[in-house]
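>>> sharing a model prediction with you, sequence too.
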Amino acid sequence: MGGIWFQQTGRDFSNVIGIALGGIHNCVLILGGSIKCWGWNFDGELGDGTTSGRYTPVDTVGLDSIITDIATGDSHTCSLSSIGEVKCWGRNVSGQLGNGIPWYRTTPVDVVGFENENGEVFLPVILK
């Protein structure tokens, strides 16, 4: 039996296949490729389209592909999809989101810079 089971709450987390712990928020990768996050959300790091903090997990919106990996920073989150898309959301004052615009985002945005001069996309590789 995969996943995590918390007997004291009776909640079944067997569909959780990954977890990322940020400085002020947390996210889980769900079997099937979706993301749920909770915690502080001042800069949109939960990706639910708001800046409202959440005590329970909410869906990250705007991810069109199956997500295969997630990572969290202090107050931002990034995902890698099964087709090689990298998207990030949350705090961006130092360019953490990789979209070229230094402003926070409450929903996922594409990381830019993986294209060559011919418009061909270079897919990122995560080594584990």
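The structure has been received and is ready for your questions.
>>> test my guess that Pro57 contacts Trp38.
Yes: using Cβ atoms under 8 Å, Pro57 makes contact with Trp38 at a distance of 4.7 Å. Heads up, the C-betas are built off the backbone N, CA and C, glycines and all.
>>> how is the residue nearest to Val58 when sequence neighbours are not counted assigned, secondary-structure-wise?
Distance criterion Cβ to Cβ, 6 or more residues apart in numbering; nearest residue to Val58, sequence neighbours excluded, is Asp48 at 4.6 Å. The three-state label given to Asp48 by DSSP: H, G, I helix; E, B strand; the rest coil is coil.
>>> for Ile83, give me the backbone phi and psi.
phi -100, psi 10 (degrees, to the nearest 10).
>>> state the distance from it to Pro108.
Distance of Ile83 to Pro108, computed by Cβ to Cβ, to the nearest Å: 14 Å.
>>> look at those two and report which has more neighbours.
Here Ile83 and Pro108 are compared on neighbour count by other Cβ atoms under 10 Å; more neighbours surround Pro108, at 27 against 11.
>>> where does that one land on pLDDT?
What the model reports as pLDDT for Pro108 is 97.
>>> that one: what's it in contact with?
Gly47, Thr60, Val61, Gly62, Leu63, Ser79, Lys87, Cys88, Trp89 (Cβ atoms under 8 Å, 6 or more residues apart in numbering).
>>> now do Gly98
Val86, Cys88, Val111, Val112, Gly113.
>>> got a pLDDT number for the residue nearest to Ile24 when sequence neighbours are not counted?
In space, and not counting its chain neighbours, Ile24 is closest to Trp40: 3.8 Å by Cβ to Cβ, 6+ apart. Residue-level confidence at Trp40 comes out at 95, pLDDT.
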